[in-house]
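> Model the following, please.
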Amino acid sequence: MHTVVSKTSIDHLKKHIEIIKDERKQTLEQYFTKSISERNSFNDFLDHYLEQMEELIQSANNSETIEVPFIFIGCDVEVEDLDTKEIINYHLTDPIQERIGDNDVSYLSPVGRSLLLKKTGDIIKVKTPGGLIRYQIRAIEFRE
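The predicted model follows:
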């Protein structure tokens, strides 16, 4: 299932891209201080993320609505734990955000980073302190 995004939401996504670009240096300096290779890898990942988001917005320029083709920051995501069959809902957030809710997960966390740019039906593997978790993405929604 894909959510349809309105013109208003598209404008919100344009602002989102600008915020990510503006906060990029601060995010890298604050969260990637120990490993240069990890910092460079995440910086490359951010480049790819921003390219995908800009392509999404570009494809929306000629229509009133678009379908959400992949997970991005601000999406609600329903996943199924493939081992326990538990259904879990996440809201992907920016770590600099002031208010964090119960189901919020930062895009910098192992789960958040694994979810970014994935599509409905994709299976992800997340390495956590408790072991490897396998999720299948069941639904993606975007809320303004």
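
> how close does the residue nearest to Asp94 when sequence neighbours are not counted sit to Leu132?
In space, and not counting its chain neighbours, Asp94 is closest to Ile73: 5.8 Å by C-beta to C-beta, 6 or more residues apart in numbering. In short, each C-beta sits where N, CA and C put it, glycine included. Separation of Ile73 from Leu132 (C-beta to C-beta, to the nearest Å) stands at 24 Å.

> One more: Ser109?
Distance from Ser109 to Leu132, counting by C-beta to C-beta: 15 Å.

> Looking at those two, which is more packed in?
Between Ser109 and Leu132, counting by other C-beta atoms under 10 Å, Ser109 is the more crowded of the two (17 against 9).

> and that one, what pLDDT?
According to the prediction, Ser109 has pLDDT 89.

> Check the offset of stretch 124-134 from the chain's centre.
Distance of stretch 124-134 from its chain centroid, counting by C-alpha atoms, centre = their mean, to the nearest Å, is 17 Å.

> list the buried ones in it?
Residues Ile124, Val126, Ile133 are the ones in stretch 124-134 that count as buried (16 or more other C-beta atoms under 10 Å).

> What of stretch 31-39?
The neighbour-count criterion (16+ other C-beta under 10 Å) identifies Phe32 as the buried residues of stretch 31-39.

> first vs last residue of that stretch, how far apart are they?
Using C-alpha to C-alpha, to the nearest Å, the end-to-end distance of stretch 31-39 comes to 9 Å.

> Check stretch 60-70 too.
With C-alpha to C-alpha applied, stretch 60-70 spans 14 Å between its terminal residues.

> Likewise for stretch 55-73?
Taking C-alpha to C-alpha as the measure, stretch 55-73 stretches 15 Å from start to finish.

> And the lengthiest strand in the chain, what does it pack against?
Criterion DSSP state E: the longest strand present in the chain is strand 131-142. Contacts of strand 131-142 with other secondary structure elements, assessed using 3 or more C-beta pairs under 8 Å, 6 or more residues apart in numbering; DSSP states H and E, are made with strand 75-81, helix 110-115, strand 123-128.

> would you list these in a markdown table and tack on distance to Leu50?
Converted to a markdown table, those look like this (distance: least, C-beta to C-beta, whole Å):
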| stretch | distance to Leu50 |
| --- | --- |
| strand 75-81 | 16 |
| helix 110-115 | 15 |
| strand 123-128 | 21 |
